[in-house]
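> Please find the sequence and the predicted model below.
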Amino acid sequence: MTTTTLAVLVPLLPFLGAAAGLLLGRRAPGFVRPLAVLPTFAAFVLAVVVAVDQGGGKAIDAATRLTPTGSVPIELALHLDGFAVLVAVLVGLVATCVQLYSTGYLRDDPRYTSYAALVSLFTSAMLLVVYSGDLMVLLVGWEIMGICSYFLVGHYWETPEARAASLKAFLVTKLGDVPFLIGLFALATDAGTFRITGVVQAALTGGIDHPTLIALLLLAGVAGKSAQFPLHTWLPDAMAGPTPVSALIHAATMVAAGIYFVARLLPVFAASAAAMTVLAVMAAVTMVGSALAALAQDDIKRVLAYSTIGQLGYMSGALAVGDRGAAVFHLLSHGAFKALLFLAAGVIIHAAGTNSLTAMSRMGGLAKRIPDAYWTMTVALLALAAIPPFAGFFSKEAVLSAAEHTALGESQVAPSGAGWTVLIAGLLTALLTAAYATRLWLLAFRGRGAEAPDHGRQPVVMNAVLWVLAIPSIGFGLTTGYLGDWFDGHSLTPAVTTSVLSTGLALVGGLVTYAAWRHTSALAARTPMGAVAAHPEGDGSLVEEEAIASHTEVYGSIASAPDPADPGRLLLGPLHRHAATGFHLDAVYSALFVRPVLAAAALVRFLDREVVETYVRGASAAPRWLGWAVRRAQNGNVQSYLSALLAGSLVLAAAVVVLANVTAGS
């Protein structure tokens, strides 16, 4: 088979697996898991073959006309360059791991059939986005991912949190998709084609007439899909869905689509200095704000969600300084260790026997019970904190190095102000990332909260997947010397200055957080409730008994005590309350948009009921009353008829006399 034929099969196989799973799931339950895993795994293998065949060389293009449009044609086109083939490998790897992991995590779920089919469809849609060479075909995959995320985030639809989260994710991303669609049509109108190669060529030759307007419209869709400020608020709430879905969305699909889209069309954005500046500011605010919010969260999945937002901010920052190689490199690295983080968090939740124990302050005694999750999550957190030689160090350094070059005026793609913005925000975020990664590790594995009931050893397949993902989390960064061809020949070697600065800041962030944890632990141990948590047997003192009674009234039992030793509160101080709520952005949006819309809807409902319906009722009442009068007249009584005839004659006679007098007087 040719490379293009294999590339067509890559998104097609998961789609066929999804269709077959839905059709045969109820009739042949034994085929559900094979139909979920095997097509996705086959797509991953073929994606690897396509990547090897492409080899980082010249891009492979193939296209066929779908239908005549009369103006700008729409084509079923493939564009296989180094970025596309590597991202497809990442999508296939993470999707396969998620499907395998889900066979254990959701083995007793009654809706596993539809879940597995939707995951396969989700994977197919992302692969379509990655390989597509036509913007309209890309849009199809873009929108399919949106509806898949709606159903998967709302998988536990019995809970109000899941229902609200799925609706919020759908509406917020659609809010960005409306200007995104307008921008696509405007872009195709200026370039005269939907083909990505044609659009890029038009941008490079100055053929785009409205680059700033188009770039800003497209950035709105990217902000929604990739959870960038100000349309990022849906992603933390999306943690109400199953944890494997979170891993898929955060690591390889949905949020990665926006970053990949900008990377593919970077010349379009680079044609406008204003757009690059807006992208840089958006990335900086996203990075710093999400890192502060992550440091204040108690839910382990929300910490990881805000972490994803921040790491996507790094990718946006790399694009803002014109380096798509660094952006995609960090996308690949982040995909591996973030999938590992979420799936390890899933093992923690699964070990507790419930989907609700996600509060880190109530975790305890987990390191020995789930050693696989403990060690692999430690590896992933080191990668997240960008500690060498883990993967996150190399990819984050590529971003900071690119920002440094732009800040020093060595780049002709983006203004130096964008470089300084990204560089300063990136270094500050490196400090905060190490802080919240250390806090997560301490509270989850060294905390003194509740020790959940032991539900036995976790399924082998779940632990095996963790170790598979640990391999690229450790060693992917070491391949920088071999990946240059896939990244436009761009060197990804870390620079000395940014490496020393960011690593030093990361170490400071980790050590300060550890010191704060030790300090808060010592303070908590001296409080009555802290002493009880440390020594459950107690000493029988009156103060202790009062503390136990007070705690039992609030939490129900001693075992459910939240860990008072939270370094995040000490480090953030008065800012903690605001960071824990995501800086009240939901409240701001509710005041600015939700309440006015609801008020307008109430006004429209009032006008419809009290004004429009009044006219409708009046229009129907007049004929009804006339019909009633006519019906009363036709009662079959001859005397009534004669009386009416006489009365009518008298009225007519009186009218004639009056008219005659008026005529004579004039």
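Noted; the coordinates are in hand.

> switch to C-alpha atoms for all contacts and neighbour counts from now on
Noted.

> and S411, what does it touch?
For S411, the contacting residues are V321, G322, H405, by Cα atoms under 8 Å, 6 or more residues apart in numbering.

> Could I get the phi/psi values of the first one?
This means V321. With angles defined as degrees, to the nearest 10, V321 sits at phi -100, psi 10.

> give the contact list for it.
Contacts of V321 (Cα under 8 Å, 6+ apart): M276, A280, A402, A403, T406, S411, V413, A414, P415, A418, G419, V422.

> from those, which has minimum pLDDT?
Lowest in pLDDT among the contacts of V321 is S411, which has 81.

> In strands, which of the contacts of V321 appear?
If you go by DSSP state E, these have nothing in strands.

> which one among the residues you listed gets closest to L650?
L650 has its nearest neighbour among those in M276, at 90.2 Å by Cα to Cα.

> So the closest one is in contact with A320, correct?
Yes - using Cα atoms under 8 Å, M276 makes contact with A320 at a distance of 5.1 Å.

> re the thing from before, what subset of the contacts of V321 is buried?
Buried by 16 or more other Cα atoms under 10 Å: M276, A280, A402, A403, T406, S411, V413, A414, P415, A418, G419, V422, out of these.

> Show the low-confidence segments of this structure, by residue range.
Applying pLDDT under 70 to the chain flags the ranges 352-357, 364-365, 448-456, 525-564, 632-633, 635-636, 666.

> which residues in it form strands?
Using DSSP E, strands in the chain cover 60-67, 74-80.

> Pick the most deeply packed of those.
Using mean count of other Cα atoms under 10 Å, the stretch among the strands of the chain with the largest mean neighbour count is strand 74-80, at a mean of 23.

> For that one, which helices and strands make contact with it?
Counting contacts by 3 or more Cα pairs under 8 Å, 6 or more residues apart in numbering; DSSP states H and E, strand 74-80 packs against strand 60-67, helix 112-131, helix 135-153.

> so it versus helix 112-131, what angle?
Orientation check (axes from the mean of the first three to the mean of the last three Cα atoms, to 10 degrees): strand 74-80 against helix 112-131 gives 80 degrees.

> Now do strand 74-80 against strand 60-67, angle only.
The directions of strand 74-80 and strand 60-67 differ by 170 degrees, with the same axes, to 10 degrees as the criterion.

> so how far is strand 74-80 from its chain's centroid?
Distance, stretch centre to chain centre, for strand 74-80: 26 Å (Cα atoms, centre = their mean, to the nearest Å).

> Kindly report the same for stretch 500-512.
28 Å.

> Mind listing what's buried along it?
Neighbour counts over stretch 500-512 (16+ other Cα under 10 Å) mark S502, T503, G504, L505, A506, L507, V508, G509, G510, V512 as buried.

> same question, stretch 648-655
With burial defined by 16+ other Cα under 10 Å, not one residue of stretch 648-655 is counted as buried.

> now stretch 105-125
Those would be 105-106, 112-125, for stretch 105-125 by 16+ other Cα under 10 Å.

> F393 is in contact with A386, correct?
Yes - applying Cα under 8 Å as the test, A386 and F393 come out as touching, 3.8 Å apart.

> Next, count neighbours for the nearest residue to F229 once chain neighbours are set aside.
Nearest residue to F229, sequence neighbours excluded (Cα to Cα, 6 or more residues apart in numbering): T286, at 5.4 Å. T286 has 27 neighbouring residues, counting by other Cα atoms under 10 Å.

> Number the chain from 643, please
Fine by me, first position is 643 from now on; the one you just mentioned is T928.

> Could you dump the strands of the chain into CSV with distance to D1250 added?
Output for the strands of the chain, formatted as CSV (distance: least, Cα to Cα, whole Å):
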stretch, distance to D1250
strand 702-709, 44
strand 716-722, 43
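
> To V1239, which of the ones you listed lies closest?
Across those, V1239 has its closest neighbour in strand 716-722 (36.9 Å, Cα to Cα).

> what's next to the closest one, contact-wise?
Residues from elsewhere that reach strand 716-722, judged by Cα under 8 Å, 6+ apart: 646, 696, 701-710, 773-776, 778-779, 836-837.

> could you give the angle of that strand to helix 777-795?
Using the same axes, to 10 degrees: strand 716-722 against helix 777-795 is 80 degrees.

> Alpha carbons of strand 716-722, as PDB, please.
Presented in PDB, the C-alpha positions along strand 716-722 are these (Å, rounded to 0.1, in the frame of the first residue of the first chain):
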ATOM      1  CA  ILE A 716     -13.800  21.700  -1.200                       C
ATOM      2  CA  GLU A 717     -11.400  18.700  -1.500                       C
ATOM      3  CA  LEU A 718     -10.800  15.600   0.400                       C
ATOM      4  CA  ALA A 719      -7.100  16.300   0.900                       C
ATOM      5  CA  LEU A 720      -4.200  14.800   2.900                       C
ATOM      6  CA  HIS A 721      -1.200  16.800   4.000                       C
ATOM      7  CA  LEU A 722       1.500  14.700   5.600                       C
END
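
> Quick check, K867 in contact with G900.
Yes - counting by Cα under 8 Å, G900 is a contact partner of K867 at 5.7 Å.

> related to what we said a few turns ago, now, the most widely separated pair of the buried residues of stretch 747-767?
The largest separation in the buried residues of stretch 747-767, counting by Cα to Cα, is between Y747 and A767 at 23.5 Å.

> which one of the contacts of V963 is nearest V795?
Nearest member of these to V795, counting by Cα to Cα, is A922, at 29.9 Å.

> could you list every residue that touches that closest one?
By Cα under 8 Å, 6+ apart, the residues touching A922 are S958, G959, A962, V963, A1060, G1061, T1063, V1064.

> Closest one to I1113 out of these, please.
Among the contacts of A922, S958 lies closest to I1113 (Cα to Cα), at 25.9 Å.

> and the closest one, what is it in contact with?
I901, L921, A922, A925, A969.

> what's the answer for T1140, then?
Contacts of T1140 (Cα under 8 Å, 6+ apart): E1039, L1042, S1043, E1046.

> same thing but at 7 Å, please
By Cα atoms under 7 Å, 6 or more residues apart in numbering, the contact set of T1140 is E1039, L1042, S1043.

> measure A986 to L1024 for me?
A986 is 14 Å from L1024, where distance means Cα to Cα, to the nearest Å.

> Give me the more crowded residue out of those two.
Set side by side, A986 and L1024 show more neighbours around A986, with 28 against 23, by other Cα under 10 Å.

> Surely that one touches M1019?
Yes - with contact defined as Cα atoms under 7 Å, A986 counts as touching M1019 (6.0 Å).
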